[in-house]
Every structure is written in C-alpha cells, then in structure tokens.
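**Student:** fold the following.
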Amino acid sequence: MPPLAAASAAAPSTAASSASPQHDRMAHDRLANAIRALAMDAVEQAKSGHPGLPMGAADIATVLFTQAMKFDPNEPAWPDRDRFVLSAGHGSMLLYAVLHLLGYPRMTMAEIKRFRQSGSLTPGHPESHVTPGVETTTGPLGQGLANAVGMAIAEAHLAAEFGKDIVDHHTYVLASDGDLMEGISQEAIALAGHLKLNKLVVLFDDNGISIDGPLSLADSVDQVKRFEAAGWAATRVDGHDPEAIALALEKARASSKPSLIACKTTIGFGAPTKAGSEKSHGSPLGADEIKGARERLGWTSPAFEVPADVLTSWRSAGQRAAGHHQAWKQRLAALPAEKRAQFERRLSGKIEADKLAAAVRGLKETFAKTPKEIATRAASELALDALVPAIPELVGGSADLTGSNNTKTKGMAVMSSAAYGGRFIHYGVREHGMAAAMNGMALHGGIIPYSGTFLVFSDYCRPAIRLAALMGQRVIHVMTHDSIGLGEDGPTHQPVETLAALRAIPNLQVFRPCDVVETLECWQLALENRDGPSVLALTRQNLPQLRNRVDAENVCAAGAYEIAGPDNRADVSIFATGSEVSIAVEAAKLLAARSVAARVVSVPCFELLQQQPGTVRRAIIGKTRVKIGVEAGVRQGWDAIIGSDGGFVGMSTFGASAPYKELYKKFGITPEKVAEAALAKLGRA
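**Tutor:** Coordinates of the predicted model:
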C-alpha cells in the first residue's frame, strides 16, 4: 500500500503545497502544543498524573498520527488499522489528547476533564477494555513493547494466511527509558529481531530523565547499539524536529527489519523551570508553571480549549485514511466467500463450535474404548492433536521446553522469518516476553495463542498473565511439571505455592485435570472462555484414567464434580485436584474397608466452582461432617471448599530432590495419610 498522504497542518483553506517551511513548522507546533496544553490542564485538574512525557513527546505523536498512521476514528476496531501502543502508559494524557483531537467520538472534552476520575474513559494508565482507540492496557513498564511484538507476529501470520490485500499494517510503539530498562524488553526485542518483524516500529522517547533524576544515575546503555545487536534497524533523531521524525518513519516503513527510532526529547517541553527535570515527570506542574508554559509555547487559549483552526486540522488528519478503509472493505468483499467468512469469523473471536465439539467427542470415545494411563502433559498433546486441525486460529509455542510441555503437534509447521504462516513459535528461554507477546496476539485478533513452560516459571509470566486477566483476553498457558511429582529436579522446580498464587488473580481460570479425559475437557473450557486467560497445570508423572464413560456434556464445566463414592450417603468428602485425585480414590477404598463411606470430588477448577449458583455449589461440596482437601501444594485457598476446620493433606514446606514416589511418601501425600486424616476428624484415629 502506498504511504498515506500527509495532512496539512494549516487551516483547510491553505494548500499544503503552497505553505512555506516556516509556516509548516508553525502549523506543526500549534498541533503539538494542543497535546501539551490538554495534558498539563488535565493533570492539573486531577491533581495527579504525568505531564512530562506528553509535553516532551508531543512532536513525535503529531507526526506519527497526522502523517504516518492509518486508522479510522469512526471504526476504532477496523482490522487493518495501524496499531499504536503507548508502552509508557504513565504518559496516558498524550494518547487521550490525540484521540480527542482526531475525533474519536467517545473521547469528548468532558472525558478529558474527567482524567483519572471514577468511571471515565481516561484512567490513570490506558486500558484497552475501557477506552476505544486504546490497543492494550499499559502501565507496568515493558509490557506494551512486548505486546506490540505479539501484535506484529499476528499481523505477519494473518497476512501469510489471508494475503496482504487484507492484512497489511504496522505496529508503532512509544517507549520510555523505563520500558527499555525492564528485563522484558530484551526478551521482546530479541524475539522481534529474530523473526524480522519489519512492520514493528519503536519510537524511543529518549529524554534522559527517570523518576529519581537523570537517567545517568542508573543506566548508561547505548540503546541504538543494543537494538542493532538484536537485529533491528536503529537510528537517532531530534525528537522535536518534525521533518527528521517523518523521514525516520519513512525509512522504518521501508526496512526489512524492525526499527528503533531514538528520539531525543526534553521532558516537560515548554515548562519554564521544570522542563528537562524529573520535577515534570510524575506530578502536576502547578498553576504558575502552566502559566509560564503557555507563554513560552505561545498558547493563548484558556484551559481545555483548542482553537478552531487547530481542531479542524487535527480532525482532518483523523479522516486521512477513510479512502484506504473503504478500499480495504472492497478488497475484503471481493475475497472468495469461504475465505472472507473465515477471516471475519476469526477476527470476531468466534470458534467453530461444531468442529470443537466433534473433536472433543471423538477423543472421548477413543479414551472410553482405550483407556490411557499417561501424564496429563501427554494427554494435552493428544488433545492438541485433535484441536489444532479443528481450530485454525490456534497458534502455539514453548519457552524452549517443547518436548517437555508437549505443545507441538504432529505436522505443526514452525513460524519463522521465512514462513510466517507456521503455527508453532520457538520463543526461546523468554517466559515473560512470551506471555506478553501472547497478550498482543490475542489483542490483535484472529489468533488464539497458547504456549508452554513449567508451572514454577509462571512467576516469570505472572505480570503478563495478570494483565491478560485484567483485559479479558483469551490466552492459554500450558504449564507442566505441576508439583513435587516432577521429582528429581528438586525444590527449585517444584511449585508448591504456585497454584495458590495463580488462583489469587481475578478472572484467571486455573485448571488442574486429574486424567486424560479431564485434560481434554479443560482444554475445551479454556478455548470457550472468550473473556479471560487460562492456565492448564499438568503433570510429568503418569496418572490412571479415572473416567471411562463418554459424557455428552463437559463435566468439568461446574469446576468440581463427584467422581467416585456413595453420593449423599457419605460420612466423608475428599476433595482433590490433578494427580491427587487418584490418591483420594484409593483413600476412599481404604476408608470403605474401615466401614467409612467416602465420596471423592474432583476439583479441576476452583474458579468455575465459585461461579456456580449457591445451590449448585453447596450440592457439589455436600453436607458431610468431615471434609478433606488433597493437593500437592499449600493449603491457601482451600478453606473456601473444606472450611477452616476441614482437614488438608498437602505441602507446608518446599519440596526435595528424589524420585516422585519417594517424595509423596516423604511428605505424607498418600492414600494412607488421607484416610488417617479423615479418621482423625471422625474421632476414629
């Protein structure tokens, strides 16, 4: 697609071609100063915020949005729009000001005035699930940059599948020094450079200031050399020179590599005493400083007012891509009907439910005929063997643990810079970058990303998992080696506290299936959950198949169910997850020998159980006097099921290095110990 024509920064009656360079610069300054004024006014009114970045980066944003990017304010979710990621989310007023000036309908001046107030579209940091025009939720530094890598991966993959007539857009990032200091940034840029994601452009707001003061207090990295070493094209420009910025963007769009443009800027540009200082970073400027800034910038309009000619020019810039959008719609309509329907379905996020149901039903029938005693990580691979062909939007990967996570199915092509159509990504040892890139892929649309690592390494992924939950994005994390059952690798790799930590994240579904059938059902539930991420915690050790029947419904959907026992005639209820369900079943047999009736309840997902209506939840938990929980992890979170007076057989310390069967005996997670705990609660020890 040819470059978009630059918008005239002058009033519409003045032709751009007849304007002098001096007039062009004056017109640009007025557009940029509108961002600066709105930012300092909104922060001042809120008595909270970060005016320095919007004031310093206003020239960058003005060139980017009025000359380089394609978008449609009237359809913020147009699939082939360019994406803009404000990785430096603390500078949110930059983005809000731009969205208002460009004419995004819901970003009214009233919303600008409600900056950082309850229920506004202008929260302290941008939130994609709140504000139209915001592509991802940023604030934790480095996350936006890594999200953008995922967006660029999604663009390249979908272009390979559907053609560049339908998918051909760039992802632009505005990143701060804080973004680049965070370790996740190295994971992200290394992956992007390796994959040669040339539609990715990072604009570095190189202002040399951090919260503590000059950046030199803590950092002396040459970011241009660093990015070049990772396989990027990188250059430096004056971040207040619109011509230099425009030229750098033009070169970046023509590059065969991802591009870094390091823009040297002055934080708080225009402020008479606080510009170039940390004093303009994270607090309002104050009335006197704002008065002085207006004088220095030549901005005579009162607070929250934008001159008509400036607003007209910005709104004109907002309509620059209207013709490109209409042409794209025509190209989409010209696609063969089946291909167009697939594209639209995938971008809508709807799974082909009939194909998913058929794949699940077929595997259930197979497992019923030929029971399998295998690890749930291997069960997950069997599930994926059926699901990947049925669901073309599934794109998998692993953090250098492919053979251990079992996330690559037979015949699954690898994605590379030479073959973006591949559906398996070798992320390398980059768990944090992987998780954040998956968020970007999901946000882009058209892809359901999944990946694998060990459960204990979810701590590396946790910030990105938390943001996926906050944004309500469907990403699926396969996390194997889920307990002391991994054995000899020892306590550094045995995640005794990790399940509890993950279950503490709102809107995250944590699945711990007990056998091959539950693993399949948990995969189905993760795929059907369009409103949040899922973790599948899977075993290294083999487990018996406990369900041999073919259930038409997904039994795991309730979060828990009675898998064995005498229904409501029980004296004891034993609740367990994952590998410990089979231990609970054996414990029930031992209790039966002592004339104690015990029911066993498998709890594959705490979160789904808690979502059930009270009557359903109470029926599942039951009314037995004695309730015992069994899990090779800590007790935290279990009292919601077993009560504070319930018994618990699990871990209260870190694990150890030994064969897994020895470890279960060492830490007392055995059928005998479960039976003893129940008998003790019954007063029959």
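**Student:** was I right to think Arg625 contacts Val596?
**Tutor:** No: Arg625 is not in contact with Val596 according to CB atoms under 8 Å; the separation is 11.5 Å. (Each C-beta comes from the backbone N, C-alpha and C, glycine too.)
**Student:** which one's more surrounded, the two?
**Tutor:** Shown here are Arg625 and Val596; by other CB atoms under 10 Å, Val596 has more neighbours (18 against 11).
**Student:** so what's the residue lying closest to that one once chain neighbours are set aside up against?
**Tutor:** Closest residue to Val596 apart from its sequence neighbours, by CB to CB, 6 or more residues apart in numbering: Asp571 at 5.3 Å. For Asp571, the contact set (CB atoms under 8 Å, 6 or more residues apart in numbering) comprises Val596, Ala597, Ala598, Thr624, Arg625, Val626, Leu682.
**Student:** could you measure from Arg625 over to Arg635?
**Tutor:** Separation of Arg625 from Arg635 (CB to CB, to the nearest Å): 20 Å.
**Student:** one more: Val517?
**Tutor:** In terms of CB to CB, Val517 sits 27 Å off from Arg635.
**Student:** compare these two (neighbour count), which wins?
**Tutor:** Ranked by neighbour count (other CB under 10 Å), Val517 and Arg635 place Val517 first, with 25 against 16.
**Student:** so which of the contacts of Asp571 sit within helices?
**Tutor:** Members of these lying in helices (criterion: DSSP state H): Leu682.
**Student:** which of the contacts of Asp571 has the most neighbours?
**Tutor:** Ala598 (27 neighbours).
**Student:** please identify which helix or strand holds the most centrally placed residue in the chain.
**Tutor:** In the chain, the centroid-proximal residue (CA atoms, centre = their mean) is Asn439; its distance is 2.6 Å. Here Asn439 sits within helix 431-444, counting by DSSP states H and E.
**Student:** so where is the chain shaky, pLDDT-wise?
**Tutor:** Scanning the chain for pLDDT under 70 picks out the ranges 1-19, 567-568.
**Student:** could you redo the last one with a cut-off of 90?
**Tutor:** For the chain, applying pLDDT under 90 flags the ranges 1-23, 411, 565-569, 684-685.
**Student:** check it for its longest helix and report it.
**Tutor:** The chain, longest helix under DSSP H: helix 21-46.
**Student:** show me what the helix or strand just after that helix is packed up against.
**Tutor:** Remark: after helix 21-46, the chain's next helix or strand is helix 52-63, criterion DSSP H and E. Judged by 3 or more CB pairs under 8 Å, 6 or more residues apart in numbering; DSSP states H and E, helix 52-63 is in contact with helix 21-46, helix 92-102, strand 171-175, strand 200-206, helix 242-253.
**Student:** same thing but 7 Å
**Tutor:** Here helix 52-63 is seen to pack against helix 21-46, helix 92-102, strand 200-206, helix 242-253 when contacts are counted using 3 or more CB pairs under 7 Å, 6 or more residues apart in numbering; DSSP states H and E.
**Student:** can you tell me what sits against that helix?
**Tutor:** Residues outside helix 52-63 that contact it (CB atoms under 7 Å, 6 or more residues apart in numbering): 28, 31-32, 35-36, 39-40, 88, 90-91, 93-94, 97-98, 174, 176, 203, 205, 207, 239-240, 242, 245-246, 249, 263, 265-271, 280-281.
**Student:** buried ones only from those, please, as a PyMOL command.
**Tutor:** Restricted to buried positions by 16 or more other CB atoms under 10 Å, the PyMOL selection for the contacts of helix 52-63 reads:
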select buried, resi 28+31+32+35+36+39+40+88+90+91+93+94+97+98+174+176+203+205+207+239+240+242+245+246+249+263+265+266+267+268+269+270+271+280+281
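**Student:** buried residues in stretch 548-568?
**Tutor:** Buried-residue list, stretch 548-568, by 16+ other CB under 10 Å: Asn554, Val555, Cys556, Ala557, Ala558, Gly559, Ala560, Tyr561, Glu562, Ile563, Ala564, Gly565.
**Student:** correction: stretch 279-295
**Tutor:** Buried residues in stretch 279-295, defined by neighbour count with 16+ other CB under 10 Å: Lys279, Ser280, His281, Ser283, Pro284, Leu285, Glu289, Ile290, Gly292, Ala293, Arg294.
**Student:** and for stretch 120-138?
**Tutor:** 120-128, 131, 133-138.
**Student:** which one of the contacts of Asp571 is nearest Glu373?
**Tutor:** Ala598 (23.1 Å; CB to CB).
**Student:** wait, that closest one sits on Glu586?
**Tutor:** No: at 10.8 Å, Ala598 does not count as touching Glu586 under the criterion of CB atoms under 7 Å.
**Student:** and the helices in the stretch 451-600 of the chain?
**Tutor:** All helices of the stretch 451-600 of the chain, identified by DSSP state H, counting those that start in this stretch, fall at 458-471, 498-503, 516-528, 580-593.
**Student:** and what of the stretch 251-400 of the chain?
**Tutor:** Here the stretch 251-400 of the chain has its helices, by DSSP H, counting those that start in this stretch, at 287-297, 308-318, 322-333, 337-348, 353-369, 376-390.
**Student:** just put those in CSV and tack on distance to Met412.
**Tutor:** Converted to CSV, the helices of the stretch 251-400 of the chain look like this (distance: least, CB to CB, whole Å):
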stretch, distance to Met412
helix 287-297, 56
helix 308-318, 42
helix 322-333, 28
helix 337-348, 18
helix 353-369, 15
helix 376-390, 6
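**Student:** wait, which of these is closest to Ala464?
**Tutor:** Closest among the helices of the stretch 251-400 of the chain, using CB to CB: helix 376-390, at 20.7 Å.
**Student:** how about the closest one: buried residues?
**Tutor:** Within helix 376-390, the residues scored as buried using 16+ other CB under 10 Å are 376-388, 390.
**Student:** then stretch 607-622?
**Tutor:** Buried residues in stretch 607-622, counting neighbours by 16+ other CB under 10 Å, are found at Glu607, Leu608, Leu609, Gln612, Arg617, Ile620, Ile621, Gly622.
**Student:** thinking again about what came up before, which of the buried residues of stretch 548-568 sits closest to Ala341?
**Tutor:** Taking the buried residues of stretch 548-568 together and measuring to Ala341 by CB to CB, the closest member is Asn554, at 26.8 Å.
**Student:** list the buried ones in stretch 341-353?
**Tutor:** Buried residues in stretch 341-353 (16+ other CB under 10 Å): Gln342, Phe343, Arg346, Leu347, Ile351.
**Student:** which residue is the nearest non-sequential neighbour of Leu590?
**Tutor:** Computed as CB to CB, 6+ apart, the closest residue to Leu590 that is not its neighbour in sequence is Ala675, at 4.2 Å.
**Student:** can you confirm that neighbour is in a helix?
**Tutor:** Yes: applying DSSP: H, G, I helix; E, B strand; the rest coil, one finds Ala675 inside a helix.
**Student:** for it, give its distance to Ala435.
**Tutor:** According to CB to CB, Ala675 stands 40 Å off from Ala435.
**Student:** now do Ala383
**Tutor:** 21 Å.
**Student:** also Glu381?
**Tutor:** 21 Å.
**Student:** same question for Glu662.
**Tutor:** According to CB to CB, Glu662 and Ala435 sit 33 Å apart.
**Student:** looking at those two, which is more packed in?
**Tutor:** Neighbour comparison, Glu662 and Ala435: the larger count goes to Ala435, with 33 against 14 (by other CB under 10 Å).
**Student:** tell me who's in contact with that one.
**Tutor:** Contact partners of Ala435, counting by CB under 7 Å, 6+ apart, are Cys461, Ala464, Ile465.
**Student:** what about the last one, how many neighbours?
**Tutor:** Taking other CB under 10 Å as the criterion, the count of residues near Ile465 is 23.
**Student:** that one touches Val510, doesn't it?
**Tutor:** No: Ile465 is beyond contact range of Val510, at 10.1 Å (criterion: CB under 7 Å).
**Student:** which SSE is the nearest residue to Val496 once chain neighbours are set aside in?
**Tutor:** Using CB to CB, 6+ apart and skipping residues adjacent in sequence, the residue nearest Val496 is Met651, 4.3 Å away. Counting by DSSP H and E, no helix or strand carries Met651.
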